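>>> build me a model from this:
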Amino acid sequence: LWGGTGNGGYDCSGLVQAAFASAGKSLPRVGGAQYNATQRIAQSQATPGDLVFWAKGTRHVGIYVGDGKVLHAPRTGDVVKVAPLYGQPTFGRVG
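Numbers count the residues shown, from 1 in each chain. Below you'll find the predicted structure:
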């Protein structure tokens, strides 16, 4: 759900923010700000829980779950899912 942050549905950055909040970590609301709040890491260093960004978070963000897969809210009308990585994402680690 575009702009979704909870009960009615999530957008990508709303899902990331809610997941981290449930673990006691604070993140900004939108993907670009989440990108700026993380430390860049190489894909080879990524571990489950790191963030995956497309276009510096301005296009899409998800949570790396390992084994080349990401948990994300893909688009309005779709469901939250685990999917293979695609494109040329960058990775960020929450401090």
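>>> can you give me the strands in this structure?
In the chain, the strands defined using DSSP state E lie at 5-6, 9-10, 38-41, 51-54, 60-66, 69-72, 81-84, 90-94.
>>> out of the ones you listed, which is the most enclosed?
strand 51-54 (a mean of 24; mean count of other Cβ atoms under 10 Å). Any C-beta I mention is one placed from the backbone N, CA and C, and that applies to glycine too.
>>> what's the residue closest to the geometric middle of the chain?
Centroid-nearest residue in the chain: residue 62, 2.3 Å away (criterion: Cα atoms, centre = their mean).
>>> tell me who's in contact with that residue.
By Cβ atoms under 8 Å, 6 or more residues apart in numbering, residue 62 lies in contact with 12, 15, 16, 51, 52, 70, 71, 72, 73.
>>> end to end, how far does stretch 41-58 reach?
Terminal residues of stretch 41-58 are spaced 18 Å apart (Cα to Cα, to the nearest Å).
>>> what mean pLDDT does that stretch have?
Throughout stretch 41-58, pLDDT has a mean value of 96.
>>> so how far is it off the chain centroid?
Chain-centre distance of stretch 41-58: 8 Å, with Cα atoms, centre = their mean, to the nearest Å.
>>> brilliant, that's me finished.
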